[in-house]
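J.: Model the structure of this input:
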Amino acid sequence: MALVESVTVPLNSKMPAFSLTDPSGQSYDSKTLTGPKGLLIAFTCNHCPYAIAVWPRLIHLAAEAKEKGVNTVAINPNIHPDYPEDAPSQMISEIKKRGISFPYLIDETQATAKLFNAQCTPDLYLYDTRQKLVYHGRFDDNWQDESKVKKQDLKDAIQNLAAGKPIAGKQFPSMGCSIKWRD
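T.: Purely as a prediction, here's the structure:
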């Protein structure tokens, strides 16, 4: 497990266009995923300890965000023969086991992760309705122990986006396992 931080992506960057499928073959297009207030994109996977720790919080936050008009999509870039636990068939199991209610998509070629300059799992991006980046950073200030969280950075960003308020300019990088690049 190699710990990696997300890289800085300039705020107000335009969201790269993408079209991906979920493990059952349903296609999703970036043009139609954004909710009335925005879109949260989480590059994540099934096996990384950082991603595993954040999954329950992400699922819970996604439900709250949906009520505020912000949709969520998860993208798995770790489709790699050396990591069978991240295979699409295992994604189906994770969707059922965790009760994931938002699209969990397959980035088979890893091209989408590269377009976003994603580095780790989880790597989190929040876009407004104009598909401009308003937040790229950590989920909260304690990935290991939810009971010790003092600052919920992503939740605060979603609440401010939904309310039309400014989002904190100081954003801390996300951290997690490196994306398992095929090349």
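J.: use CA for all of it now, contacts and neighbours both
T.: Fine.
J.: so how far is the one helix or strand in the chain whose mean pLDDT sits lowest from its chain's centroid?
T.: When each helix and strand of the chain is scored by mean pLDDT, DSSP states H and E, strand 3-5 comes last, with a mean of 88. Centroid separation for strand 3-5 versus its chain: 15 Å, with C-alpha atoms, centre = their mean, to the nearest Å.
J.: Over to stretch 93-109?
T.: In terms of C-alpha atoms, centre = their mean, the gap separating the centre of stretch 93-109 from the centre of its chain is 12 Å.
J.: for stretch 50-62, same thing?
T.: Centroid displacement of stretch 50-62 relative to its chain, using C-alpha atoms, centre = their mean, is 10 Å.
J.: which residues make contact with it from outside it?
T.: Applying C-alpha atoms under 8 Å, 6 or more residues apart in numbering, the external contacts of stretch 50-62 come out as 44-46, 70-72, 98, 100-102, 121-122, 139, 143-144, 155, 175-177.
J.: The same query, at a cut-off of 7 Å, please.
T.: Around stretch 50-62, the neighbours that count as contacts under C-alpha atoms under 7 Å, 6 or more residues apart in numbering are 44-46, 72, 100, 121-122, 143-144, 155, 176-177.
J.: for stretch 68-83, same thing?
T.: 33-45, 62, 65, 86-87, 102-108, 110, 113, 162, 179-180, 182.
J.: which SS class is residue 72?
T.: Classification of residue 72 using DSSP: H, G, I helix; E, B strand; the rest coil returns strand.
J.: Quick check: nearest residue in space to it, chain neighbours excluded?
T.: Excluding its sequence neighbours, the residue lying closest to residue 72 (C-alpha to C-alpha, 6 or more residues apart in numbering) is residue 40, at 4.6 Å.
J.: so that neighbour bridges to which residues?
T.: According to DSSP bridges, the residues that bridge with residue 40 are residue 72, residue 126.
J.: ok so, going back, packing partners of the least confident helix or strand of the chain?
T.: Applying 3 or more C-alpha pairs under 7 Å, 6 or more residues apart in numbering; DSSP states H and E, one finds that strand 3-5 makes contact with strand 175-178.
J.: Show the average pLDDT along the strand it packs on.
T.: Averaged across strand 175-178, the pLDDT comes to 94.
J.: Could I get the CA-only coordinates of that strand as PDB?
T.: In PDB, the C-alpha atoms belonging to strand 175-178 read as follows (Å, rounded to 0.1, in the frame of the first residue of the first chain):
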ATOM      1  CA  MET A 175      -4.800  10.700   0.400                       C
ATOM      2  CA  GLY A 176      -5.000   7.000  -0.200                       C
ATOM      3  CA  CYS A 177      -3.500   4.200  -2.100                       C
ATOM      4  CA  SER A 178      -2.000   5.000  -5.500                       C
END
